[in-house]
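In: Got a sequence here, can you build the structure:
(2 chains)
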Amino acid sequence: MVSHAQSHRLESGGLIDRSAPLNFRFDGKTFAGFQGDTLASALIANGVKLVGRSFKYHRPRGILTSGSEEPNALVELRTGARREPNTKATTTELYDGLEAASQNRWPSLRHDLMAVNQLFSPIFVAGFYYKTFMWPAKFWEAIYEPAIRRAAGLGRAAGVADPDHYDKAWAYCDVLIAGSGPAGLGAALAAGRSGARVILCEEDFALGGRLLADGGTIDGMPAAEWISGTLAELATLPDVGIMSRTTLFGVYDGGTYGAIERVNDHLPSPPEHQVRQRLWRIVAKRCVVAAGAIERPIVFAGNDTPGVMMASAVRTYVARYAATPTRRIALFTNNEDGWRTVETALGAGLQIAAVVDARPDVSAAHRALAGKTGFPVLNGSVSGVDGGKDGVRKILVALAGGARAEVEADGLAVSGGWNPAVGLTSYHRGRPKWQDDISAFVPDGAPPGMVAAGAANGAFGLGACLRQGFAAGAAAAQSAGHNGNTGTPPVADDEAFLLTPLWHVAGKGKAFVDYQHDVTASDIELAQREGFESVEHLKRYTTLGMATDQGKTSNVAGLAIMAAVSGKSIPETGTTIYRPPYLPVAIGAFAGHHRDENFHATRLTPSHHWAAEQGAVFVDTGLWKRAQWYPRAGEKDWLESVTREVKAVRSGVGFCDVSTLGKIDVHGPDAGAFLDRVYINTFSNLAVGKARYGLMLREDGMVYDDGTTSRLAEDHYFLTTTTAKAGPVMQHLEFCRQVLFPELDVQLTSVSDQWAQFSVAGPSARALLKQLVEESEDLSNEGFPFMGARQVALRGGIRARLFRISFSGEMAFEISVPARFGNALVRNLMLAGKQFGATPYGTEALGVMRIEKGHVAGPELNGTTTAADLGLAKMMSTKKDFIGRVMAGREALAAADRQVVVGIKPTDKTRRLRSGAHVIPKGEIPGSANDQGYVTSVCFSPTLDQWIGLALVERGRERIGEIVHAHDPLRGESYDVELCNPVFYDPDGGRQRG
Amino acid sequence: MRIVCPFCGERELGEFTYLGDAKPARPAAGASEDDVFDYVYLRDNIAGAMSEHWYHAGGCRAWLKVTRNTLTHEISSVEPAAGVGAAKVGA
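Out: Numbering: from 1, shown residues only, chains lettered A, B, ... in the order given. Now for the predicted structure:
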C-alpha cells in the first residue's frame, strides 16, 4: 500500500503524534495520518476537499466543522457487519487500517449521476413530495416512496447483526459536568476541591474544549500547561471522575442523565471481552452544563461549496491538527471572534486573500495587521462562491456601498457568531431566551438542579468561561452539601466579541440553511408564503433541522430568516422544542446485553434439566421454558407424541411439571375473610385440609384469574394462580390488602419459586405416590379424598404438600416439594413409576386433557368474559361483597344473548378444527352481522378419536345439539360443527373422585 | 424519574409499577351501581399535583401514595398507601 504524501500537513505543531503514523482508506484510496487525527483532519491533511454528496440535490460537499455538529462530512465507517452509516468524519478518531466510504453517490463521489437532480431543483422545493406524489393514492407505498428513498437518503446500514457488545451502567455523583473546556474544568476544580463527588463527561478524546485550538493564557501560563496542571490536580482529588469520549445526550426526571461512552470506537474492533460502547445512566444532585457553543454559518449562495468552512473549524484544523484546509484563505465574519482565524492562519504561514467583515467599524488593530500583512479588508458580505467539487476558486463580495468585488481564494472561513449549545438545558421544555448583545438564544428554564456556564450560557470570553464555570461548580457542590475550601479561581482576560447580526445575504444561486437536508433560504421563504410560518410547521414542511445533526448549525439561521420574511423579531418567532438525544445514539447501546437469547430473563422449571435429558421439546410461556411434549424414537410428529402421552395418563399414570403456576401463602387470622373479598366464592368456610377452585374478577366484573386454593391451617391458605398471572395477581392482592382492606390482619408471601410442583395423574397415580410417601401416610380415597390437601412426609424425610386436585379429569394429585428437591422428585417419579408405565407429559397433553374436560384456560379467560360466560355463575356468592361483584351485575354483562363457553365437534369426524374460526348460524352468509362468536381452543382428542374444541357462542348453552357453521376466512376454510356440552370426557366426574 | 420509597429509600423508576389516580375510594359493600361505576371508570385528568398509586414491585412490594405534578413530574410526597395497615407493619 502506497500512501499519498500528506500534502496539507504543517511541518510542525499540532496535538498529533508524528511518531505514530497511521494508514487509512477513503473510497478505496490509501492515505496516511497520525495518531491524534480525526478522519476529517487526516483527509484535510491529504488535501481531500470533497467528502460527500448532499441528500436531495447530490451537490458536492466538504467538511464544514470540526465537531459533532457536522452536517456534511458523513461517511460509512468500517466494512461488513461493522459498517456504520452517517458517521461524522469530524469526530471519528483515526486508527490504523480505518476504512471509510462516502455516501449518497453513484457510481462515484466525483461523478455522481444523481447530481442531475440539481437541474430539476426548481421543483424539488419544500413540500415537493406532499404536492407531487398525491395521485393515485396507492402509488405512494408501491412506487413513489421506494423510488424516492433510493434517490435520497444517506448511508446504508450493514444489514446484518451487529457483532459487537454494548453495555449499560449506572453512576452516581453530586455534580455532573458536561464539557471539559475552560468552564467545565473550572467547575470540576471548584466542585472537586469542595469535596463533592464529581463526574465530568467530554465527548472528545482530548480534554480542553476550544482551548485545544484557540489556546490563550490562564493564570499567566499557556492554556496547554494550565490544562495539564488542572488535570493533575483533579487526579489528586478523591472523587473526581473524568470520562472522555462520552457525550451527555439526555436529561430525565429526578436528576437522571443519559450518557454514551464510545469505549472502543477508536479501534478497528473492540478487544476481546470488551464492549464497543457503554450507555450510562448517571444520577446527579446537580449538573453544570459547560457544553460550549456552536459557531453558526451565514447563509449565502454557494455556501456549501467544498472549501467553505466555519472559521473556528479552520483554527482547529490548523492549530490542533497541523492540517491546512486551504493555502489562500478568505474570511467572512460579522464578529470579532472570526478575526482569530486570521491570526491562526498567518501563524501557520497561510495567505490571507481578504477579510470580508459585515461590520463597518473594524478595529484599528485589525486594519494595521491587514496593512502590515498586505490583505484587503472589505466592508460588505459574501454574496456568492465560484467553485465546485474541486473547491473554492473565487469569492464574490457585495460591498457595503453597493459595489461588487471578487476575491481569488481556495478557501473561505465563515463566522456568523456563536450559538450556545442549549440542548441539554432545554430538554424539559425549557425555552431558551434571546440575548441581544450576542444575538443568540441562551438557556432558560433549565431542568431542576441544572445550570449552564461559560459559552453554553452565552459568556464567550475565556475569563468569563473560567469565572462562570468555577462559580457554578462551587455553587453546585455547596447545594449538594459540600462546603470544602474551593481555593482561588483560575483567571484569564476576556476577549471582545462585538457582533453585528447577519443571517442571510441575497444573491444568485442556492443558499443553504440546513446542509444535511438541503433546505435553502428560498425554501423557508416559500414555507412562509404558503402559510407554514410557525417554527414547528416550518420545521416539518421544509424538514429544517430534522436530519441526523438535528439542525445544530441551521436551526437558528432558519428561524432568523423566517422572522425576517414574516416581519417578526427572532424571539417572537421562537424555537422549536428540543428533545434528546443530543447526538444519535445507537439502538444497540440502549439494548445493551438485552438481545437475542438475553432479550429477557429465562426461567427454568425445577425439572428442566431432567426434561432436556429426556429430549423434551420446550415452549416459551412468558419467561418460562416448559416441556411441550416428550418425543420418542419412531414418532413421526408432535401429534403422535401428545396422543401417546394423553393415553398413558388416561390408562395408567403420567406426570407433568406445573411449578410455573403462581403460588402465594396467605397467613393471618383474617386470611379467610380476605380471600372471601378477592374471590367470587367463599373460602372462610373451607375446612382445614381441603382445596377449592376459586375465581377472581376484576373490579369491572370481568374474570381476572382462577386457581386452586387450599387451607393448610386455620390461619394459613395456599393460593395458586395461572402461570401468566402469577405476578399481576400478587400485585393485585397486595393492592387489596394494603389499599382496599388495610383493616384485615393478613400477610401475603409469594412462594412461586420456593415450591416445585408436579401433577401426577391417572388411575395409577395413587399407586405411584405410595412408592414415594412414608408408609404411615394414608392416600386411600377415604384417607385422602378428592379435593383433600395436606402436608405429607416423603420417604427420606422431605416434607411435601399434597393436593388431590385434577385438571386432567383423572384421579390425580399435585405434589409440592421445596424447589431444591424438584429435580430429585421428578427422577424418583420416573424411577418409581417404571412398573406402572409412568409417562412424563408436556403442556400439549395438559391442554388436550383440559379441553376434553371442558376446563377454561387462557383462551377463555381473555379479559372479556364473565363468570356466567364461562358457565361458572353459580360460584358467585350472593352473601358477601367481593371485588367485581357490583359491576358484574350490570345489565349488559348479565344479558341473555352473551357469548358463552360451549363445546364443538365437527359433523365430519375426520375434519381438523382450528381456533379462531367464526361461528355463523347454518345457512346464513358469513359476515359481521351474523357473527355469533368464535372458536377459542381446539385439540385432537385421543379419547374421542376426533378433533374437539371450545367456543364462545351467543346463547351457546341453550343451543346444544344445533349444527352451526365454522367460518375461517384466514385459512379459507368453512365447515359445519355441532354445539355440545363442553365436558367431553367423564361428564359426571366419577374418574377424578374415584 | 426517582421515587423515595418510605421503606427502601430513593429508587429508580424501573422498580415501580404505576396504577393511577389514588383519590377514588372503593365504595363500601352495598353501594349502588352508579357509585361503583364512578369508582371504577370516572377519573379526573389533572394537570398539576395528583395523588397516585405506585407499587414498589422491584423492592418491598409496598403500595405507595405518590403526589406527582403531572406537568413537571416533580414528586412532592410519598407515603405508604395503607395508612393504618402500614402503621401496623411498622409497629
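In: low pLDDT regions in chain B?
Out: For chain B, residues meeting the criterion pLDDT under 70 lie at B:83-91.
In: Please work out how many residues are found near the residue in chain A positioned nearest to chain B.
Out: Sorted by distance to chain B under CB to the nearest CB, the residues of chain A start with A:Pro742, at 3.0 Å. Where you see a C-beta, it was placed from the backbone N, CA and C, and this is true even at glycine. Neighbours of A:Pro742 under the rule other CB atoms under 10 Å in any protein chain shown: 20.
In: Isn't it up against B:Ala82?
Out: Yes. The pair A:Pro742 / B:Ala82 is scored as a contact, 4.5 Å apart, by CB atoms under 8 Å.
In: for chain A, what are the nearby residues on chain B?
Out: B:1-2, B:12-13, B:17, B:19, B:26-27, B:29-31, B:33, B:36-37, B:39-41, B:53, B:55, B:57, B:61-63, B:72-75, B:80-86, B:88 (CB under 8 Å from any CB of the partner chain).
In: could you flag which of the residues you listed are buried?
Out: Neighbour-count burial within the residues of chain B next to chain A applies to B:2, B:13, B:17, B:19, B:26-27, B:36-37, B:39-40, B:53, B:55, B:57, B:61-63, B:75, B:80-82, B:85-86; the criterion is 16 or more other CB atoms under 10 Å in any protein chain shown.
In: Centre of the chain to the longest helix that chain B contains, how far?
Out: In chain B, taking DSSP state H as the definition, the longest helix is helix B:33-41. Centroid separation between helix B:33-41 and its chain, computed with CA atoms, centre = their mean, to the nearest Å, is 19 Å.
In: For chain A, which residues score under the pLDDT cut-off?
Out: When residues are selected by pLDDT under 70, those of chain A lie in A:1-4, A:122-124, A:129-130, A:132-135, A:137, A:148-153.
In: For it, which residue occupies the most central location?
Out: Centroid-nearest residue in chain A: A:Phe590, 5.1 Å away (criterion: CA atoms, centre = their mean).
In: The host helix or strand of it: which residues count as buried?
Out: Taking DSSP states H and E as the criterion, A:Phe590 maps to helix A:587-591. Residues A:588-589, A:591 are the ones in helix A:587-591 that count as buried (16+ other CB under 10 Å).
In: re the thing from before, helices or strands next to the longest helix of chain B in the packing?
Out: helix A:885-888 (3 or more CB pairs under 8 Å, 6 or more residues apart in numbering or on different chains; DSSP states H and E).
In: other SSEs contacting the helix it packs on?
Out: Against helix A:885-888 (3+ CB pairs under 8 Å, 6+ apart) you get helix B:33-41.
In: Run a quick neighbour tally on residue 48.
Out: Using chain A here. Other residues lying near A:Val48 total 24 when counted by other CB under 10 Å.
In: my question was about chain B
Out: B:Gly48 has 9 neighbours, counted by other CB under 10 Å.
In: Just confirm it contacts B:Thr72, I think it does.
Out: No. Using CB under 8 Å, B:Gly48 is not in contact with B:Thr72; the gap is 9.2 Å.
In: What parts of chain A come near chain B?
Out: A:252-256, A:283, A:428, A:448, A:699-700, A:727, A:730-731, A:734-735, A:737-740, A:742-743, A:745, A:880-881, A:886-887, A:889-890.
In: Among the residues you listed, which lie within helices?
Out: A:727, A:730-731, A:734-735, A:886-887.
In: Can you name the residues bridging to the spatially most central residue of chain B?
Out: Note on chain B: the residue nearest the mean C-alpha position is B:His53, at 1.7 Å, using CA atoms, centre = their mean. Beta-bridge partners recorded for B:His53 (DSSP bridges): B:Gly20, B:Lys65.
In: I'd say it and B:Gly20 touch.
Out: Yes. B:His53 is in contact with B:Gly20 according to CB under 8 Å; the separation is 6.3 Å.
In: what residues are up against the residue nearest to the centre of chain A?
Out: Contact analysis of A:Phe590 by CB atoms under 8 Å, 6 or more residues apart in numbering or on different chains lists A:Leu279.
In: repeat for A:Ala158
Out: Contacts for A:Ala158 were tallied using CB under 8 Å, 6+ apart; they are A:80-84.
In: circling back to that earlier point, can I get the ones in helices among the residues of chain A next to chain B in a markdown table with distance to A:Pro921 and neighbour count?
Out: Formatted as a markdown table, these follow (distance: CB to CB, whole Å; neighbours: other CB atoms under 10 Å in any protein chain shown):
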| residue | distance to A:Pro921 | neighbour count |
| --- | --- | --- |
| A:Gly727 | 41 | 16 |
| A:Met730 | 43 | 22 |
| A:Gln731 | 42 | 16 |
| A:Glu734 | 46 | 21 |
| A:Phe735 | 43 | 19 |
| A:Val886 | 34 | 24 |
| A:Met887 | 31 | 21 |
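In: and which of those residues is nearest A:Pro785?
Out: Nearest to A:Pro785 among those is A:Met730, at 30.4 Å by CB to CB.
In: what about the nearest residue to that closest one once chain neighbours are set aside, distance to A:Glu536?
Out: Among residues not flanking A:Met730 along the chain, A:Ser750 sits closest, at 5.2 Å (CB to CB, 6 or more residues apart in numbering or on different chains). Using CB to CB, to the nearest Å, A:Ser750 is found at 48 Å from A:Glu536.
In: the more surrounded of the two?
Out: Under the criterion of other CB under 10 Å, the comparison of A:Ser750 against A:Glu536 puts A:Ser750 first, with 18 against 12.
In: That one: what's it in contact with?
Out: A:662-664, A:730.
In: Narrow those to those in helices?
Out: In this view, the contacts of A:Ser750 that belong to helices under DSSP H are A:Met730.
In: any chance of the contacts of A:Ser750 in JSON lines, plus distance to A:Lys568?
Out: Shown next, in JSON lines, are the contacts of A:Ser750 (distance: CB to CB, whole Å):
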{"residue": "A:Gly662", "distance to A:Lys568": "62"}
{"residue": "A:Lys663", "distance to A:Lys568": "67"}
{"residue": "A:Ile664", "distance to A:Lys568": "64"}
{"residue": "A:Met730", "distance to A:Lys568": "58"}
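In: Just the contacts of A:Ser750: which are in strands?
Out: Members of the contacts of A:Ser750 lying in strands (criterion: DSSP state E): A:662-664.
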